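Asks: Sequence first, predicted coordinates after that:
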Amino acid sequence: MRKVIMSSTQKKTDVILIGAGVMSATLGALLKELAPQWEIRVFEKLESAGEESSNEWNNAGTGHAALCELNYTPEKPDGTIDIAKAVKVNEQFQISRQFWSYLVDSNLIHNPEDFIMSIPHMSFVQGKNNVTFLKKRFKALSENPLFEGMEFSDDPLKLKEWIPLIMEGRSRDEHIAATKIDSGTDVNFGALTRMLFAHLKKQNVEVNYEHSVEDFKRTSDGQWDLKIRNLKTNQLENHTAKFVFIGAGGGSLPLLQKTGIPESRNIGGFPVSGLFMACKNQDVVEKHEAKVYGKAKVGAPPMSVPHLDTRYIDNKKSLLFGPFAGFSPKFLKTGSNMDLIGSVKPTNVVTMLAAGVKEMSLTKYLIQQVMASKEKRMEELREFIPDAKSEDWEIVVAGQRVQVIKDTDAGKGTLQFGTEVVSAADGSVAALLGASPGASTAVHVMLEVLERCFPEQIESWEPKIKNMIPSYGVSLSDNPELFREISTNTAETLGLSNKKEERERVYS
C-alpha cells in the first residue's frame, strides 16, 4: 500500500470544473469568453478528456434536433401529435450550433469537419398504425419553420432510393413509411471535447488529469474546500474555489451528495448501460447514408429507441445499430460495482425504494436485454436490415448513463429521462445529472447554469452572449426569418453540406 501524502498548501481559484467531458469543456469555454480574468482549474479522474459519456464510441453522436427521434413527439389521447418537446430540443441544438460556429469564426477552434458532418436524419416505421402516426407527425412538424425540408414517403421505390440497405429483401406488401430531412448532423462529441480542452489550455486553464475529487467542505466565507487525490502520486491536495461545477457524467450524483446541500436530498440514480452492433463489412457500410430512428418497443426506456446510424469516427465511415440496454451497478464505464449501493443514503432511500416498486417492468426489460444472445439482437437488427448476416456484425460496449430518480408531482421515486441541473440556493455549486439529449444541448444547459449561479453578472454578460449566440432569449420557432439566417450562417461556418459527395470528399 502506498503512503498517503498530505499537501500542506491550500490552492485557491475562482472556478473548479470536475470532469473533463463536453459539459465542463463547454462551461469553461463560455466563462473564458465572458470572464477571461477568472482563474479556472479542471480535475479529471481519467488520463485524458472526453473518455466517458462524451466519447464518440459511448454515445449515438446524433446532433439531437428532434428531426428523427419519435419519442420527442408523443401522440395524445385525442390522436393529435404533441411537438412541444421536439421544438424545445431543436431550439436548444440550434444554440449549440451557434456557439460552435462562433468558436470557429473566432479561430478559437479549427477544422469543424473533424467533429460535425451533415447526415440525413430519418424516422422509419412499420405497420399501419405506425404509418398513420408518422404521417400525422410529419404534418405537425412541417408546419413549424424549424423542420422545413422534411419529406414523407410510403412509396417503396422512393424508400429504396433513400434507404437501399433497409429496403433490400423486404416484401412489397409490408406497410412501411419514413421521413427524411437533409439538415441533420453527425457529431463527434469526443473530438469536440478534446478541441475545447486544447483551446482552454491556451487560455491558461489548468487541466489536471488523473485527479479524483474525494470530499467537499464549506468554508466560513461560503467558498468550497475540496480534497483531491493525485492518482499518480497518491497525494491529497486541498483546493478552494468560489464556484464548483460537477460535470462528471454518471459520477456527478455521488459528488453532489458529498456537498451536503439541501438540493441534493431526495435524488437518486438508476444506471443503464448500453451496447451497439457495429458492422465489420465495409461493403454493407457503404450502402447506408443516414441516421434512421425507429419506435421503441413497449416497456423500453426512451434512451433505447432503436436506430441504424452512419457515423464518421477516426476518419472512417462506420455503421452502428442499437442501443441494446443493459444493467450494471456502475455509474461510469470505468466506475465501481459499488456505485449504486453507495449512492443510497438516508436522504434518498425512500425515493429509491419507491422507484424500485414503480419500475419493476423496466427492471424486467433490462434483465431480458442483458440475457439476450447475439442472435436475439440480430433478430432486432433484421427488423431494420432484413438480409443482415451475423458474421458482418460485432458487439461494441457503449457508455454508462445514470437516469435521475426524484420526487415529483407524479409521485415519489419518479424516473426522469433527460438532463437536469441541480444547484445550491446561493449558486456556489451546480451539478448536471441525467442523460439524453445531453451533449447536443450542452450550450443551452451551461447557459442555464450561468443564469442560475451568476445572477449578478448575467445582465452585464448578455451583450457578449448575444454576440456568440444571436438567438439567445429569442424563440427561433416564432422568428422563421431569423432561424433561416442563423441556420445558413452556422452551416456555412461549420462546413455543413447536404451533399453526400461533399461528405465523402472531406473524409477521403
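Replies: Now that the structure is in, tell me what you want to look at.

Asks: can you give me the helices in the stretch 301-450 of the chain?
Replies: 339-342, 349-358, 360-371, 374-381, 442-453 (DSSP state H, counting those that start in this stretch).

Asks: Just put these in CSV and tack on mean pLDDT.
Replies: Output for the helices of the stretch 301-450 of the chain, formatted as CSV (pLDDT from 0 to 100):
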stretch, mean pLDDT
helix 339-342, 88
helix 349-358, 82
helix 360-371, 71
helix 374-381, 90
helix 442-453, 96
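
Asks: backbone phi and psi for the nearest residue to Ile176 once chain neighbours are set aside, please?
Replies: Closest residue to Ile176 in three dimensions, ignoring its sequence neighbours and counting by CB to CB, 6 or more residues apart in numbering: Gln126, at 5.2 Å. C-beta coordinates here come from the backbone N, C-alpha and C atoms, glycine included. Dihedral pair for Gln126: phi -130, psi 140, per degrees, to the nearest 10.

Asks: Of the helices of the stretch 301-450 of the chain, which stretch is the most buried?
Replies: Ranked by mean neighbour count under mean count of other CB atoms under 10 Å, the helices of the stretch 301-450 of the chain are led by helix 442-453, which reaches a mean of 22.

Asks: what's it in contact with?
Replies: For helix 442-453, the surrounding residues in contact (CB atoms under 8 Å, 6 or more residues apart in numbering) are 22-23, 26-27, 30-31, 34, 91-92, 95-96, 98-100, 243, 245, 419, 421, 423, 427-428, 430, 432, 457-458, 461, 465, 469, 472.

Asks: if we go to 7 Å?
Replies: Applying CB atoms under 7 Å, 6 or more residues apart in numbering, the external contacts of helix 442-453 come out as 22-23, 26-27, 30, 92, 95-96, 99, 243, 245, 419, 421, 423, 427, 430, 432, 458.

Asks: contacting residues around the residue nearest to Ile176?
Replies: Contacts of Gln126 (CB under 7 Å, 6+ apart): Glu174, His175, Ile176.

Asks: Buried only: go through the residues you listed for me.
Replies: Taking 16 or more other CB atoms under 10 Å as the criterion, what is buried in those is Ile176.

Asks: closest to Lys11 among the contacts of Gln126?
Replies: Of all these, Lys11 sits closest to Ile176, with 60.5 Å by CB to CB.

Asks: So, low pLDDT: which residues of the stretch 301-450 of the chain?
Replies: 301-304, 363, 367, 436-437 (pLDDT under 70).

Asks: host element of the closest residue to Ile313 other than its chain neighbours?
Replies: In space, and not counting its chain neighbours, Ile313 is closest to Glu56: 5.1 Å by CB to CB, 6+ apart. Here Glu56, judged by DSSP states H and E, is contained in no helix and no strand.

Asks: and if you look at Leu46?
Replies: Leu46 is part of no helix or strand, with elements assigned from DSSP H and E.

Asks: Then Glu33?
Replies: Assessed by DSSP H and E, Glu33 sits inside helix 22-34.

Asks: Also Ile95?
Replies: Assigned by DSSP H and E, Ile95 belongs to helix 84-105.

Asks: same deal with Lys227?
Replies: strand 224-230.

Asks: Which stretches in the stretch 101-250 of the chain count as strands?
Replies: Along the stretch 101-250 of the chain, the stretches classed as strands by DSSP state E, counting those that start in this stretch are 116-118, 121-126, 151-153, 176-181, 185-187, 206-208, 211-218, 224-230, 235-246.

Asks: What helices and strands are in contact with the fifth one?
Replies: Just to be clear, that refers to strand 185-187. Applying 3 or more CB pairs under 7 Å, 6 or more residues apart in numbering; DSSP states H and E, one finds that strand 185-187 contacts strand 116-118, strand 307-313.
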